[in-house]
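> Predicted model and sequence below, questions to follow.
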Amino acid sequence: MAWEFRKLGPGENVAVEASGDPFAPPKWAPPVWHMPEGLVLLVNALRGVLALVAFVVRNIVPLSLAGGLAWLGQRYGWRLPVGLVVMAGAGLGGWWAADRASFLRWVGWPVLSRWRLVRVYRRDWQPVMVTAGLSRTHKRREYLPAIVKVRSGPTTDRVLVRMLKGQAPDAWEAVTANLAHGFGATLCRVRGGDRPGRVWLEFVRKDALATPIPALPLCEDPAAVDLTGVVIGRCEDGGPWRLRLLGTHVLVAGATGAGKGSVLWSIVRALLPLMRAGLVEVWAIDPKRMELSYGRALFERYGRYSDDPDGGMVELLEAAARDMNTRAAQFAGKVRSFTASHEYPFRVVIVDELAFLTAYCPSKDLRRRAESALAILTSQGRSVGYCVIGAQQDARKEVNNLRNLFPTRIALRLDEDEQVDMVLGDGSRDRGAYADKISPIPRIGAGVGFVRLETSPDPVRVRAGYVSDDDIDAMVVMALGSPDGETGSEAA
Ligand SMILES: Nc1ncnc2c1ncn2[C@@H]1O[C@H](COP(=O)(O)OP(=O)(O)OP(=O)(O)O)[C@@H](O)[C@H]1O
């Protein structure tokens, strides 16, 4: 039987049985190439050598160590290598005990990264990529994205990935749940890579914020407080959560019981040294008469306080707006950047439930006046030392149409997924801000939220310190000298 080879397209060969009969249907068959046996053996041997070289290069450090110890054992007996291993172990133990941070940086995390690369990511990479639909097959050849490196920390693994040509981060964002389950993580987030064509995958192995963070220690030194980053809790990576107050306004959105109070009180706690020094005033507006009223004495001594629904709260806001205008007129042409002083203290206006003033207040006139004062304060107050901090339960537009005047926003636990983007900006939830999935159990989820830091568009998970009633009492004692140190100054 005679066969002839035909090319259907580039790289595609078929064999067709040659036939003299022009009407006979063509008989197709895959081409069979008969290789000389020696050539096959040679190619396989070459492949084996290349794989061995790649393995040795990839594992040069452990292989060299093992080889060196084996050589020493062979040459001088087993006592020497065992002694060396014991000494190295003791040295590492001593390093760990003396300076844990540097030990983890130079030994602990690199070893863990290597271990997780080999035992988790490289091992499960192919099946997870295929199942998640991130691989492609072309002409029966499988193309997989590649792992560039893995960086492990105490709670998170960061995996730098080279995507397939033509792939975009959206394709990865759409399958974060598959990736998390595939690699045994509780959560996976996609972050921008170090160059086009690469993305960082952030796998959360363990929730670093699952247990409440006690109120941060009270600081006595005003110089230690930085208004461009007051520390109010912890970030997921273990670093401090610094919240900018100078030059911005802050919106704290969270469903009922989400822990808005702990954010507000952590801010006041961090500001206390500056309040005592006369450089910061906190004006508190407390429609709920629950959260802020506990520390009313503090606000009355170092600022102002109102919980009066019949106009008192709105008057306080209007007073702030008037004062801000006066300040702006005095600064015009003289001051370019604000520095807090005794004459012009930095004023923080805290509104515990914004929606009460802007949406739920029964008096239309009061609502209109409150909205107007808030709009003035938020649109013009930043540069003259005013910061409005508003808390609200409902992130919907109908309830707060001033949302866009708050440049800094914090999303605590939210009821619906679409509220996440309303608070943090479009695409935030796709980038991993799952504020709607924060646990409603207070011990696990209260005070937990997502923020966008100035340095990166990617949302960061944070938890505010829990300022208990006893902590507030301690603050009052520190600031006023007695738990009920009323000053007698009139509430607005
Ligand atoms: N940071 C935190 N860590 C641990 N538990 C917290 C934290 N913040 C608050 N809690 C707990 O969660 C409960 C609800 O907190 P909080 O009252 O501050 O919520 P909220 O958002 O102000 O709710 P609402 O809008 O209904 O007033 C509190 O009883 C408190 O025990």
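Cool, got the structure.

> Relative to the ligand, how far out is the residue lying closest to Ala180 once chain neighbours are set aside?
Spatial nearest neighbour of Ala180, excluding adjacent residues (C-beta to C-beta, 6 or more residues apart in numbering): Cys188 at 4.0 Å. Heads up, the C-betas are built off the backbone N, CA and C, glycines and all. Distance, Cys188 to the ligand, using C-beta to the nearest ligand atom, to the nearest Å: 25 Å.

> Does Cys188 belong to a helix, a strand or coil?
Following DSSP: H, G, I helix; E, B strand; the rest coil, the label given to Cys188 is strand.

> which residues touch it?
176-177, 179-180, 201-204 (C-beta atoms under 8 Å, 6 or more residues apart in numbering).

> repeat that for 7 Å
176, 179-180, 201-203 (C-beta atoms under 7 Å, 6 or more residues apart in numbering).

> tell me which element the residue of the stretch 251-400 of the chain found nearest the ligand falls in.
Proximity to the ligand, evaluated over the stretch 251-400 of the chain using C-beta to the nearest ligand atom, is greatest for Gly261 at 2.8 Å. Assigned by DSSP states H and E, Gly261 belongs to helix 260-276.

> Leaving out sequence neighbours, find the closest residue to Asn178.
Closest to Asn178 by C-beta to C-beta, 6+ apart is Ala132, at 4.0 Å.

> now Val199
Gly193 (4.6 Å).

> what's the burial count for that neighbour?
17 (other C-beta atoms under 10 Å).

> shouldn't it be in contact with Arg162?
No. The pair Gly193 and Arg162 does not pass the contact test of C-beta atoms under 7 Å, sitting 8.4 Å apart.

> can you pull out the helices in the stretch 201-350 of the chain?
Remark: helices assigned in the stretch 201-350 of the chain by DSSP state H, counting those that start in this stretch are 260-276, 296-301, 312-331.

> Name every strand pairing with the one helix or strand Leu160 maps to and say which way it goes.
In the assignment (DSSP H and E), Leu160 maps to strand 156-162. Here strand 156-162 is paired, per DSSP bridges, with strand 146-152 (antiparallel), strand 198-204 (antiparallel).

> List the buried residues in the next helix or strand after it.
Sequence-wise, the next helix or strand downstream of strand 156-162 (DSSP H and E) is helix 169-173. Neighbour counts over helix 169-173 (16 or more other C-beta atoms under 10 Å) mark 169, 171-173 as buried.

> I'd like to know which of the residues you listed is nearest to Asp157.
Checking those against Asp157 by C-beta to C-beta gives Trp172 as the nearest, at 15.2 Å.

> check contacts around the closest one.
The contact partners of Trp172, by C-beta under 7 Å, 6+ apart, come to 134, 190, 199.

> Recalculate using a threshold of 8 Å.
Shown in contact with Trp172 (C-beta under 8 Å, 6+ apart): 134, 161, 163, 179, 190, 199, 201.

> before we move on, the earlier item: and of the buried residues of helix 169-173, the nearest to the ligand?
Using C-beta to the nearest ligand atom, Glu173 comes nearest to the ligand of these, at 28.9 Å.

> Verify the contact between the closest one and Asp430 for me.
Yes. Counting by C-beta atoms under 8 Å, Asp430 is a contact partner of Glu173 at 4.9 Å.

> Show the pLDDT at the residue in the chain that the ligand sits nearest to.
The ligand sits closest to Gly447 of the chain, with a gap of 2.3 Å, by C-beta to the nearest ligand atom. Per-residue confidence (pLDDT) for Gly447: 95.

> Low-confidence bits of this protein, can you list those?
Scanning the chain for pLDDT under 70 picks out 1, 3, 5-13, 28-33, 397-400, 454-455, 482-492.

> Residues of it that sit close to the ligand?
Contact residues (C-beta under 6 Å from any ligand atom) of the chain with the ligand: 212, 254, 256-262, 291, 393, 442, 446-447, 464, 466.

> ok, which pair from those is furthest apart?
Largest separation among these by C-beta to C-beta: Pro212 and Gln393, giving 21.1 Å.

> Without its sequence neighbours, what residue ends up closest to Pro345?
What sits nearest to Pro345 in space, not counting adjacent residues and going by C-beta to C-beta, 6+ apart, is Glu281, at 4.9 Å.

> and Gly390, what element?
strand 386-392.

> How far off centre is whichever helix or strand comes after that strand?
Using DSSP H and E, the helix or strand that follows strand 386-392 in sequence is strand 408-411. Centre-to-centre, strand 408-411 and its host chain are 12 Å apart (C-alpha atoms, centre = their mean, to the nearest Å).

> Can we start the residue count at 360 from this point?
Noted, 360 is the first residue going forward, which turns the last one into strand 767-770.

> outside of strand 767-770, which residues touch it?
With C-beta under 8 Å, 6+ apart, strand 767-770 has contacts from 602-603, 607-613, 622, 754, 762, 778-779, 782-784, 787, 792, 794, 808-811, 818, 821.

> Starting from that strand, tell me which strands it pairs with and how they run.
Here strand 767-770 has these sheet partners by DSSP bridges: strand 609-612 (parallel), strand 807-811 (antiparallel).

> ok, Pro528 - contacts?
Applying C-beta under 8 Å, 6+ apart, we find Pro528 in contact with 522, 549, 551, 558.

> Just the buried residues of those.
Looks like the contacts of Pro528 have 522, 549, 558 buried, using 16+ other C-beta under 10 Å.

> how many neighbours does the closest residue to Ala687 other than its chain neighbours have?
Sequence neighbours aside, Val743 is the residue nearest to Ala687 in space, at 5.0 Å (criterion: C-beta to C-beta, 6+ apart). Counted with other C-beta under 10 Å, the neighbours of Val743 add up to 21.

> Can you report phi and psi for Val743?
Reported as degrees, to the nearest 10, the phi and psi values for Val743 are phi -110, psi 20.

> Relative to Glu640, how far out is it?
Distance of Val743 to Glu640, given as C-beta to C-beta, to the nearest Å: 14 Å.
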